[in-house]
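**Q** Take this sequence and fold it.
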Amino acid sequence: MYIIAGLGNPGLRYRGTRHNAGFEAIDRVAKTYNIRIRKKEKNALTGSGVIEGQKVLLVKPHTYMNKSGEAVGALASYYGVSPEEVIVLVDDVMQDAGGLRIKRSGSAGGHNGLKSLIAHLGTEGFPRVRIGVGKVPPGVDMIGHVLGHIRGEDKKKVAEACGDVPEIIRLLVTGNIDSAMNRYNGKK
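**A** Predicted coordinates:
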């Protein structure tokens, strides 16, 4: 079984913000594979389904970004899912809007949601799909940037990147992470 967690902040106030690119991506996965994310458990909304013969649990933590690991860690423990089978979809301010970067593991890179996941899963060894939401412009506050709404051309580029995520997930759950990285890393 795989847990696929899209990170973001719950509530209408945060819909469409850079920090919620993970929520947008998990919604695309749910729509593509006809999985309803409606069950409330372990401080998250979840939905169970099957992708390419693999059982999956789609997760939208409702602990807010900086505590995402609490919900995902509790679900991984409850369902007996190892960290290597937890796939995380997350925004990335180190990339231009619409960029994608798939990694098998790695540090948090300054991302508080990933820091929380690392703390609660006890390892950096989980795959992640980082979705570029645009670099922080000079003189702009990081928090204001990630909680700001994506607009214009950047919004279109992030939506296109999120549209690629269902295929990336299909590749990851079928053991084809190298193919996913070769095809999507650095894609503009």
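
**Q** Setting aside sequence neighbours, what's the nearest residue to Phe23?
**A** Gly8 (3.4 Å; C-beta to C-beta, 6 or more residues apart in numbering). C-beta here means a position set from N, CA and C on the backbone, and glycine is covered the same way.

**Q** Then Tyr64?
**A** Here the residue nearest Tyr64, using C-beta to C-beta, 6+ apart, is Asn9, at 5.2 Å.

**Q** Show the contacting residues for that neighbour.
**A** The neighbours of Asn9, taking C-beta atoms under 8 Å, 6 or more residues apart in numbering as the test, are 17, 19-20, 64-65, 147.

**Q** try 6 Å
**A** Neighbour list for Asn9: 19, 64-65 [criterion: C-beta atoms under 6 Å, 6 or more residues apart in numbering].

**Q** just to confirm, which helix or strand has Lys55 in it?
**A** Here Lys55, judged by DSSP states H and E, is contained in strand 54-61.

**Q** what's the next helix or strand after that strand packed up against?
**A** Per DSSP H and E, the first helix or strand lying C-terminal to strand 54-61 is helix 68-79. Counting contacts by 3 or more C-beta pairs under 6 Å, 6 or more residues apart in numbering; DSSP states H and E, helix 68-79 is packed against strand 2-6, strand 54-61, helix 112-121.

**Q** which of those is buried the deepest?
**A** strand 2-6 (a mean of 26; mean count of other C-beta atoms under 10 Å).

**Q** partners of that one in the sheet?
**A** Neighbouring strands of strand 2-6 in its sheet, by DSSP bridges, are strand 54-61 (parallel), strand 86-92 (parallel).

**Q** how about the ones you listed in CSV, adding distance to Ile177 and mean pLDDT?
**A** Output for those, formatted as CSV (distance: least, C-beta to C-beta, whole Å; pLDDT from 0 to 100):
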stretch, distance to Ile177, mean pLDDT
strand 54-61, 14, 97
strand 86-92, 10, 96
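
**Q** closest one to Gly109 among the ones you listed?
**A** Closest approach to Gly109 among the strands paired with strand 2-6 (C-beta to C-beta): strand 86-92, 7.9 Å.

**Q** For whatever helix or strand comes next after the closest one, give the mean pLDDT please.
**A** Moving toward the C-terminus from strand 86-92, the first helix or strand encountered (DSSP H and E) is strand 100-103. Mean pLDDT, strand 100-103: 96.
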